Every structure is written in C-alpha cells, then in structure tokens.
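In: Just the structure for this:
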Amino acid sequence: MAAAVLAGLVVVLVLAVVVLSAMLATLDDDDDDAGDRHGSDSGNGGNNDDVSVRWPGRWTYQQQTAGVLHEPVNWTDATPTFVQLSDVHYDEFYDDTKSCASLCRNRMTTGLYQHGCGAAEVKPAPFVAPMGRARCDTPPVLMQSVLDAASSLVSRPRFVVISGDLIAHWLPQVQGTGKSPETLMFDGMQAVLEHVKAAFPAVPIYAVLGNNDAIVDYTPLTGELAQRVGTLLESYIRVPRTGLGVPHDFSKLNTGAYYWTQCGHTLPHLRLIGLNTIVFSSSATGQSAATLAADQLQWLRTTLAAFRASGDPLLRAMIVGHIPPVVNGYGSGSQQWQAAYADTYMSIVYDYRDMISSQHFGHFHSDEMRVPTLHDTPLPVLTINPSVTPNFLSNPSFRRYLLNTTVPNAVVDYEQWLMDLHRANVNASVPSLPRSRWQESYRFRDAYLVDDMTPLSALAAERYIRSSLKATADYLARYHTHWVDMKRRLDFVDCAFDNVVDQASFAACRQANQRYIP
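Out: Below is the predicted model:
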C-alpha cells in the first residue's frame with residue numbers, strides 16, 4: 001500500500017515538473033529576440049527600426065522574480081565615470097536665518113519676486129536652515145557638501161559636467177554689494193568652477209551656460225563679457241595640463257558659448273558637444289539670439305558630419321545643454337525651444353543618430369527621461385538632471401554616469417544621489433546627530449530593468465514606468481527627488497510614529513513642528 005502511494009506521488013511530481021518546464025520554455029521563447037533583459041541593443045540603436053522585435057511585450061520569468069539580471073558593476077576609481085551637476089544656483093549671499101521672501105538673503109534684490117513667499121522683503125525665517133531652504137538657492141555649505149559627497153564616491157571621474165545655471169537667481173541684481181551686475185555674474189560663475197576644481201583637481205570641467213548665467217534672464221551674453229566668460233570656461237576645460245593636447249573646437253566659445261572637445265586624454269573615441277541653449281529658448285531676448293541660434297545649428301551639423309567623416313568607427317558624441325528641446329511636462333506644458341529650432345535640432349540628431357550616444361540637459365530641476373522619435377525611429381536618450389538648488393521644492397541632487405568604452409554607446413548607466421534637506425537641517429542643529437547624509441536614490445538599469453541606455457532600452461524603460469501603478473509612482477517620486485510636503489511628513493510620520501495613542505502628545509508634537517514648515 002505504502003509503495004503504491006509513493007509511486008503515485010512520484011508520478012504527480014514528474015507531471016508537475018513537466019508542466020512547469022513547459023511554462024518556463026514558453027516564457028523564454030516569447031522573449032528570445034530580446035535577450036535576458038528587455039530593450040537591449042548592442043549598438044546605438046538609431047538604425048534598428050524594428051522595435052517590435054527588440055522590445056517585447058512583457059518581461060521574462062526571471063525578470064519578474066529576480067529583477068535585475070545584468071552583471072553587477074563595482075564602481076571604483078578604475079571605472080570610467082563622469083559626474084553631472086545641474087542648476088547649481090550658487091548663492092554666496094545666502095543667510096540661513098532669513099526667509100525665502102528675500103531669497104534667503106540679508107539684503108534686497110532688484111526686481112525680485114517669489115514663488116509662494118509673499119512680497120519681497122528681508123525678514124527672519126521660522127527656523128535656521130544651514131544646508132539650504134526651499135525656494136532659496138544653494139548656500140556655500142551645501143555646495144561643499146555636494147562636492148564632498150561626489151568626490152567620496154569616486155576620487156577621479158574622467159570629467160565633470162555642469163549643465164548650466166551656475167549662479168543664483170537674480171544674483172546680478174543683488175543690492176549693496178559694491179559690485180556691478182557684470183562682476184557679480186562673472187565672480188559667481190568663477191566661484192562655482194573653483195569649488196568644483198578644488199574637489200576634482202586635474203579633471204576637466206565641461207560647463208555650459210543656463211538662462212540665469214546672464215545679466216538679464218534668457219538674454220545671451222555679448223561683447224567683452226561674452227569673451228571673458230568664454231575664456232573662463234575654456235580655462236577649466238584645460239585644467240589637467242597647460243595645453244589641452246586633445247582634439248577640440250573652441251572657436252565659438254568667446255562669441256557664442258558653444259564648443260566641442262574630446263573627453264580628456266583617456267577617452268579618445270568620445271566627444272562632448274556643449275551647446276548654448278539660451279538662444280533657442282522660447283523666452284530668449286536680445287537682437288543677437290536669432291543669429292547665434294542659426295549659426296550654432298549649422299555648426300552642430302557640420303561638426304557631426306566631420307565626426308562621421310573621420311573614419312573612426314567607434315567615435316561617438318554626447319550632447320550637453322541646459323534647456324532641453326522638449327515640452328515641459330510639469331505646470332504650463334510650454335515648448336522650451338522655439339518650434340523651428342527644435343525641429344531643426346531633432347532633424348540633425350536623427351541624421352546623426354549613429355554618432356550621438358546620449359543627450360544631457362537640466363533646467364526643470366526635476367529627474368526626467370525622454371526618448372524623442374522621428375520618422376518612427378527612437379533617437380538617443382535625452383536625460384534631464386535634477387538640480388543642486390532646492391529652490392523649486394526639490395532635494396539637492398547630483399548624478400554619476402557609467403561609461404562603457406568597449407562598445408559604440410558611451411553612456412551605459414547612472415546613479416542618482418540626493419540629500420534629505422529637511423533631515424540635514426534638523427541634524428545640523430543638534431550636535432549629537434550625524435551631519436548631512438547623501439543617499440543613493442536609484443540606478444537607471446536596476447530601476448527600469450534594462451541593460452543599458454540605448455534608444456531601445458530607454459523605450460523599454462518608458463514602457464516599464466507605465467506598466468503598473470507602483471512603477472509610475474516610483475518614477476514620480478524620483479521626478480520630485482523624493483520631496484515630501486513637510487506638513488504631511490511631520491504629522492503623518494514623525495508625530496504619528498512617536499505618539500501612537502495620546503492625543504495631547506500628538507498635538508504638542510504638531511505644535512512644536514510648526515516652525516519647520518516652510
């Protein structure tokens with residue numbers, strides 16, 4: 001009897017194994033063309049038009065259960081990386097005791113208006129915020145903290161990118177400094193570059209101008225000031241040696257603030273194209289903007305054509321700018337570039353999609369990704385880097401990219417880092433608590449289950465973000481750099497966790513926390 005039962009169990013187990021094997025085989029067969037992870041593609045992806053083959057409708061069984069399948073990367077000093085800072089908005093006049101009504105300055109600013117802070121006036125803030133305050137710009141202590149954190153991750157990246165808006169909002173209009181607007185702007189830019197140079201000595205710094213890197217917002221620099229700023233930017237690109245020693249074109253730096261250069265001495269196949277996107281903006285002012293825009297787009301096409309004609313099959317270019325050529329998905333939904341310029345730019349990117357590895361912008365102060373398409377073809381991924389400044393209700397952030405020098409797609413992955421600004425300010429006021437802490441928010445490949453950042457992988461990441469409520473919620477949390485409404489955070493987390501039952505204690509906690517609400 002016992003033997004018969006045992007035999008029956010064996011038969012059942014064998015049938016179960018057969019059925020399970022068939023299920024797994026079916027799942028694997030559905031995704032044979034995609035490999036182990038969805039959307040991957042060994043090249044740039046610009047010439048692979050059959051997206052349906054390389055972009056499966058669902059993920060493999062292994063991905064559903066195990067998640068990340070790519071080989072883990074140990075990011076060390078030997079790993080080829082670069083650091084990106086965006087929308088730094090460094091403010092040497094920041095006062096941690098002043099409210100956002102004066103942009104946290106102890107002096108007035110001509111023409112200042114505030115976002116939700118009432119009339120412009122100098123008045124005390126409800127609490128001391130040494131690390132920075134919402135609706136105010138980056139204080140020196142926060143700037144130092146960003147660079148300390150970035151340099152502690154990798155002491156020597158191959159290069160550093162600053163994608164515009166180096167100086168604080170309305171910096172040239174600050175009153176009572178004894179300096180001209182031109183001097184305030186130039187000194188502010190130089191201060192940022194010097195801070196970065198001190199953190200990363202002997203590393204080239206590739207900076208581009210943002211709309212606030214001007215005397216008047218969205219107005220291109222001209223004349224002697226444009227020449228001085230161009231010379232300043234060039235001097236930090238040349239930091240590693242007295243002579244640059246690598247291919248480059250700086251002929252437009254002093255007149256248009258755009259350029260290209262090989263990315264240092266160790267990346268002979270990678271070029272960086274730095275654009276001046278102020279002139280393309282829908283808000284651009286000044287008579288020179290239209291001429292500079294047309295000249296720059298022609299220069300971009302000529303430059304990429306020369307790269308293709310060079311005969312180097314591995315040569316790729318990454319494009320860096322400040323204002324992205326996309327619609328602002330938050331708020332107004334406005335088109336950021338004038339339509340004619342955006343169309344021409346995307347046409348150039350389409351024509352040279354085999355030469356362009358990626359596009360990197362800022363301006364929105366948020367964490368975003370876009371995959372433009374033209375003629376039903378996905379173009380190189382366009383990333384929008386979140387800001388260092390907390391001005392527009394975001395936690396201070398920076399990004400570190402992973403480069404792959406062995407395949408013709410330079411940017412493979414990135415990791416996003418942020419500071420919990422509220423906790424950093426509270427901890428800074430209590431000697432027994434640790435100082436500011438930077439947290440890794442996520443890595444692109446891990447978060448979106450892709451192998452790289454090629455166009456098809458980026459499309460797969462977009463589809464993953466839309467695949468479930470949780471995936472969408474996670475993306476939106478990253479979009480806002482995990483910024484949380486402070487009143488809700490204090491009430492529903494701090495006070496509710498510490499005062500589970502007693503109503504009076506909960507009310508007292510709420511009252512005590514009122515001063516931390518901006």
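
In: can you map out the strands along the stretch 151-300 of the chain?
Out: 159-163, 205-208, 248-249, 259-262, 270-274 (DSSP state E, counting those that start in this stretch).

In: just the stretch 401-518 of the chain next, same as before
Out: Along the stretch 401-518 of the chain, the segments classed as strands by DSSP E, counting those that start in this stretch run 411-419, 438-443.

In: Could you identify the helix or strand that succeeds the host helix or strand of Phe307?
Out: Element membership for Phe307, per DSSP states H and E: helix 289-309. Tracing the chain C-terminally past helix 289-309 and defining elements by DSSP H and E, one meets strand 316-320 next.

In: partner strands of that next one, parallel or antiparallel?
Out: Paired with strand 316-320 in the same sheet, following DSSP bridges, are strand 270-274 (parallel), strand 356-361 (parallel).

In: helix, strand or coil for the residue nearest to Arg399 when sequence neighbours are not counted?
Out: Spatial nearest neighbour of Arg399, excluding adjacent residues (CB to CB, 6 or more residues apart in numbering): Gln84 at 4.6 Å. C-betas here are computed from N, CA, C, even on glycine. Secondary structure, DSSP: H, G, I helix; E, B strand; the rest coil: Gln84 is strand.

In: For Gln84, name its beta-bridge partners.
Out: According to DSSP bridges, beta-bridge pairing links Gln84 with Val161, Arg399.

In: and it, what is it in contact with?
Out: By CB atoms under 8 Å, 6 or more residues apart in numbering, the residues touching Gln84 are Val160, Val161, Ile162, Ser163, His360, Asn385, Phe398, Arg399, Arg400, Tyr401.

In: sorry, back to before: could the strands paired with strand 316-320 be laid out in CSV, adding distance to Leu393 and mean pLDDT?
Out: Formatted as CSV, the strands paired with strand 316-320 follow (distance: least, CB to CB, whole Å; pLDDT from 0 to 100):
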stretch, distance to Leu393, mean pLDDT
strand 270-274, 29, 96
strand 356-361, 20, 96
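
In: want to throw the ones you listed into TSV with distance to Gln298?
Out: Putting the strands paired with strand 316-320 into TSV (distance: least, CB to CB, whole Å) gives the following:
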stretch	distance to Gln298
strand 270-274	14
strand 356-361	17
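
In: Any chance of TSV for those, columns mean neighbour count and distance to Glu224?
Out: Listed next are the strands paired with strand 316-320 as TSV, based on neighbours: other CB atoms under 10 Å; distance: least, CB to CB, whole Å:
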stretch	mean neighbour count	distance to Glu224
strand 270-274	25	21
strand 356-361	25	29
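
In: List just the one of those strands that sits closest to Glu368.
Out: Proximity to Glu368 (CB to CB) singles out strand 356-361 among those, at 9.1 Å.

In: Name the next helix or strand downstream of that closest one, please.
Out: As assigned by DSSP H and E, the chain's next helix or strand after strand 356-361 is strand 368-370.

In: For the chain, which residue occupies the most central location?
Out: The centroid of the chain falls nearest to Asn385 when counting by CA atoms, centre = their mean (1.6 Å).

In: Quickly note the distance from that residue to Thr266.
Out: For Asn385, the distance to Thr266 equals 23 Å [CB to CB, to the nearest Å].

In: where does the stretch 401-518 of the chain have low pLDDT?
Out: By pLDDT under 70, the weakly predicted segments of the stretch 401-518 of the chain are 405-409, 431-436, 518.
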